[in-house]
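Take a look and give me a structure for this.
(chains A, B, C and D)
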Number of protein chains: 2
Amino acid sequence: MQRDTAQRRAIRGVFSQEDRPLTPQELLERAQDTVPQIGLATVYRTLKSMTEAETVMIVDVPGEPQRYELAGKDHHHHFSCRACGRMFEMDGCPGDLERLVPKGFVMEDHEVFIYGRCVDCQQ
Amino acid sequence: MQRDTAQRRAIRGVFSQEDRPLTPQELLERAQDTVPQIGLATVYRTLKSMTEAETVMIVDVPGEPQRYELAGKDHHHHFSCRACGRMFEMDGCPGDLERLVPKGFVMEDHEVFIYGRCVDCQQ
DNA sequence: CCCATAATGATAAACCAATCTCAATAAGTA
DNA sequence: TACTTATTGAGATTGGTTTATCATTATGGG
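Residues are numbered from 1 along each chain as shown, chains lettered A, B, ... in the order given. Take a look at the predicted model:
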């Protein structure tokens, strides 16, 4: 059966503290604040089981390694800060995407990424 | 000086025939129709010099290798077909993205990806 | 408290995209 | 045509992410 370890608690803790999509590396570093000896393999293993349990979702980002975010959120998109490299969530959705779709094509899904500077990285 | 080779002509030909963002692998396969012995290294070398010359642009796609498209096009976004894996261009742009940006964040750029089925892959 | 075994850490290995190496080829000027 | 040298192809190599290995640790039911 699934055991409750300090490592997994730390990873779950990071996800609820930072409410944004995280890379395995970011998760490792934050989790090490709580459990210093935690290794990258444990992070990947935990992410895999959380993904299978649908506790977290994979976020594919252009030109970056996969990120992971807690599942069950409302539909949203992402903001990537070019200064600090962090990715944030943005509620809502631009309407009227159907208008962009070429004739004869069928839209099933969409993603929007906005790039710029986050509130902590102004000027 | 820059020499005009059959390989480079083939690659330029593929770009103008297929008017969409192509992966190095796609370029290799299409170019081999014209120059069967062309190798992947040549494709990458040619893409690098075309990128430096700003003849082509890199398109970063979520969860996929980089693609390349001819430079100088109007602002547009991309449609990815889940059936055939090809990526297409879509003219235009959803307005009103500023509305999504969290307070204090500054938008510099944006990308939109639509997923679904292209006209050749219906039902 | 015991103990079966799930989980971990360190590191090696697998993967894949992209680049490098180098001998062979071929473009293009004289 | 001859020659300089840019370009090529094949395969090795790199760099980064992700997975596998395996001896060790530690959870949690009995």
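
mind giving me the domain ranges of chain A?
Here the domain parsing of chain A from automatic domain parsing is A:6-70, A:76-121.

Relative to B:His110, which of these is closest?
B:His110 sits nearest to domain A:76-121 of all the domains of chain A, at 4.8 Å, using C-beta to C-beta. Placement of C-beta: from N, CA and C, glycine included.

Could I get the average pLDDT for the closest one?
Averaged across domain A:76-121, pLDDT comes to 96.

which secondary structure element contains A:Ser16?
Following DSSP states H and E, the helix or strand that holds A:Ser16 is helix A:6-17.

how about that helix as PDB, C-alpha atoms only?
Provided in PDB are the C-alpha atoms of helix A:6-17 (Å, rounded to 0.1, in the frame of the first residue of the first chain):
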ATOM      1  CA  ALA A   6       8.200  12.900   4.900                       C
ATOM      2  CA  GLN A   7       9.400  13.300   1.300                       C
ATOM      3  CA  ARG A   8       5.900  13.000  -0.100                       C
ATOM      4  CA  ARG A   9       4.500  15.300   2.500                       C
ATOM      5  CA  ALA A  10       7.200  17.900   1.600                       C
ATOM      6  CA  ILE A  11       6.300  17.600  -2.100                       C
ATOM      7  CA  ARG A  12       2.600  18.000  -1.400                       C
ATOM      8  CA  GLY A  13       3.500  20.900   0.800                       C
ATOM      9  CA  VAL A  14       5.400  22.700  -2.000                       C
ATOM     10  CA  PHE A  15       2.500  22.300  -4.400                       C
ATOM     11  CA  SER A  16       0.000  23.900  -1.900                       C
ATOM     12  CA  GLN A  17       2.400  26.700  -0.900                       C
END
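
which helices and strands sit right next to the helix or strand following that helix?
Next along the chain after helix A:6-17, taking DSSP H and E as the criterion, comes helix A:24-32. Packed against helix A:24-32 by the contact rule (3 or more C-beta pairs under 8 Å, 6 or more residues apart in numbering or on different chains; DSSP states H and E) you find helix A:6-17, helix A:40-52.

Including mean neighbour count, could the ones you listed go into a markdown table?
Formatted as a markdown table, those follow (neighbours: other C-beta atoms under 10 Å in any protein chain shown):
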| stretch | mean neighbour count |
| --- | --- |
| helix A:6-17 | 17 |
| helix A:40-52 | 16 |
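
Would you mind saying which of these lies nearest DNA strand D?
Closest approach to DNA strand D among these (C-beta to the nearest atom of the strand): helix A:40-52, 3.6 Å.

Relative to A:Glu52, how far out is A:Arg3?
Distance of A:Arg3 to A:Glu52, computed by C-beta to C-beta, to the nearest Å: 16 Å.
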